[in-house]
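J.: this one's sequence-less:
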């Protein structure tokens, strides 16, 4: 019983340590990490749509009198266009990973309830900050002007101080220093990810692959309806083809959603830094920024939400939908 | 952005060949079209992650070859006897783009 009472007192003390500001920082970290995972999935979607296209191509090409053309060698050549090694070389991927690690570590620090947790979170956050630092330098050819070593050293000192002279109430102050110092770097990481999502043409690759699959399916359908089929079967097939067509039309939105989410992270971090500078650890502005991130995370795969919020919906000559609003 | 031009023209050409594939009545010609679509896609996968020098003659030639292919494929949709010429133009375009994407560096690796 005494043990239970002690446990309750300890739990209450730890719960008391997790103040509202820490909860908001944790929420920011968690949502940002979730968004970076989804942004990472854009490259995965490119690979997935390319593989679906390659499989469809082989199935369609080596048919009937051409079936003999399929050999083990043909299958050996099947590969996803962006392999793990290539992916790790992308600035977009590295920047996104660095951002995700930072968010995860910040969240861990904000929610750490014991000295051991704080020490661990501190070490991870220091590692994440170093990662951001490396990406920051890699991304700028004129890094001498944009990378402030003194600034980073200051942050490192704060992080080290949390580990050595832990005073619970100083944690928020440390978070303030970290978030405000990191803001310019976070902003650059987000801009880089956004620009590369726009420039790489991943959406063109996804839409072209999806369109190829659709064209083969349409051809297959035309062949099958020459035989005796029921209206119900044909209707179901048309529904299936319509869904594939929808996938083609939405391929740009998939990338635009990722861009929108990453720009929202930049904006939320900016809000957080700006409020913390004013010693506001909890405010309506922070709550709104975090709410926006959570909303984006929740409706990430829902393109209708993106279109509903879009003032200028565009459709190109290939039927590809996009939101023409300036970010 | 030079990549967009090559990329955009590759996508346009592939899409026109896709449309042709949907209506192509001859299985032999369909086979040829599929092979060309595959070859164009293989180049597109490399263009997506490549840095291209738009100031070269090879760049201009690749653009012209892709545009000629797209135009021919558009015509062939209503004149199916032109499919053979589409295949020829596709082979030329693939060769021109290949010249361009050979030994390129990754665009996503740098800002």
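T.: It's in. Given the structure is predicted, the values throughout are model-derived calculations rather than measurements.
J.: show me the residues around residue A:24 that make contact.
T.: Neighbouring residues of residue A:24 by Cβ atoms under 8 Å, 6 or more residues apart in numbering or on different chains: A:281-282, A:286-287, A:290. Heads up, the C-betas are built off the backbone N, CA and C, glycines and all.
J.: got a markdown table for these, with secondary structure, pLDDT and neighbour count too?
T.: Output for the contacts of residue A:24, formatted as a markdown table (DSSP: H, G, I helix; E, B strand; the rest coil; pLDDT from 0 to 100; neighbours: other Cβ atoms under 10 Å in any protein chain shown):
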| residue | secondary structure | pLDDT | neighbour count |
| --- | --- | --- | --- |
| A:281 | coil | 78 | 19 |
| A:282 | coil | 79 | 15 |
| A:286 | helix | 89 | 23 |
| A:287 | helix | 89 | 14 |
| A:290 | helix | 88 | 23 |
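J.: Which one of those residues is nearest to residue A:99?
T.: Comparing the contacts of residue A:24 against residue A:99 with Cβ to Cβ places residue A:290 closest, at 16.1 Å.
J.: Assess the claim that residue B:86 and residue B:37 are in contact.
T.: No. In this structure, residue B:86 is not within contact of residue B:37 by Cβ atoms under 8 Å, at 11.0 Å.
J.: Quick check: neighbours shared by those two?
T.: What both residue B:86 and residue B:37 touch, as defined by Cβ under 8 Å, 6+ apart, is the set residue B:17.
J.: Could you find the closest non-adjacent residue to the residue of the stretch 201-327 of chain A at minimum distance from chain B?
T.: Nearest residue of the stretch 201-327 of chain A to chain B (Cβ to the nearest Cβ) works out as residue A:215 at 4.0 Å. Closest residue in space to residue A:215, ignoring its immediate chain neighbours: residue B:18 at 4.0 Å, by Cβ to Cβ, 6 or more residues apart in numbering or on different chains.
J.: Could you report the neighbour count for that neighbour?
T.: The local packing of residue B:18 (other Cβ atoms under 10 Å in any protein chain shown) involves 21 other residues.
J.: Next, count neighbours for residue A:69.
T.: Neighbour tally, residue A:69, other Cβ under 10 Å: 13.
J.: Over to the one 5 residues further on?
T.: One way to gauge burial is a neighbour count; for residue A:74, by other Cβ under 10 Å, it gives 12.
J.: Now it: closest residue in space, sequence neighbours ignored.
T.: Per Cβ to Cβ, 6+ apart, closest to residue A:74 is residue A:58, 6.6 Å.
J.: list the contacts for the one you found?
T.: A:70, A:74-75, A:78.
J.: tell me the pLDDT at the residue lying farthest from the centre of chain A?
T.: No residue in chain A sits farther from the centre than residue A:228, which is 47.6 Å out by Cα atoms, centre = their mean. pLDDT, residue A:228: 92.
J.: and if you look at residue B:52?
T.: On pLDDT, residue B:52 comes in at 81.
J.: Using the three-state scheme, assign it.
T.: Using DSSP: H, G, I helix; E, B strand; the rest coil, the secondary structure recorded for residue B:52 is coil.
J.: burial count for it?
T.: Per other Cβ under 10 Å, the neighbour tally for residue B:52 reads 24.
J.: That one reaches residue B:59, doesn't it?
T.: Yes. Using Cβ under 8 Å, residue B:52 is in contact with residue B:59, at 6.5 Å.
J.: Could you list which residues are in contact with residue 34?
T.: By default, I'm working from chain A. Contacts of residue A:34 (Cβ under 8 Å, 6+ apart): residue A:297.
J.: hmm, I had chain B in mind actually
T.: Contacts of residue B:34 (Cβ under 8 Å, 6+ apart): A:57, A:60-61, B:21.
J.: Include secondary structure, neighbour count and pLDDT when you put those residues into TSV, please.
T.: Output for the contacts of residue B:34, formatted as TSV (DSSP: H, G, I helix; E, B strand; the rest coil; neighbours: other Cβ atoms under 10 Å in any protein chain shown; pLDDT from 0 to 100):
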residue	secondary structure	neighbour count	pLDDT
A:57	helix	20	97
A:60	helix	21	97
A:61	helix	20	96
B:21	helix	21	96
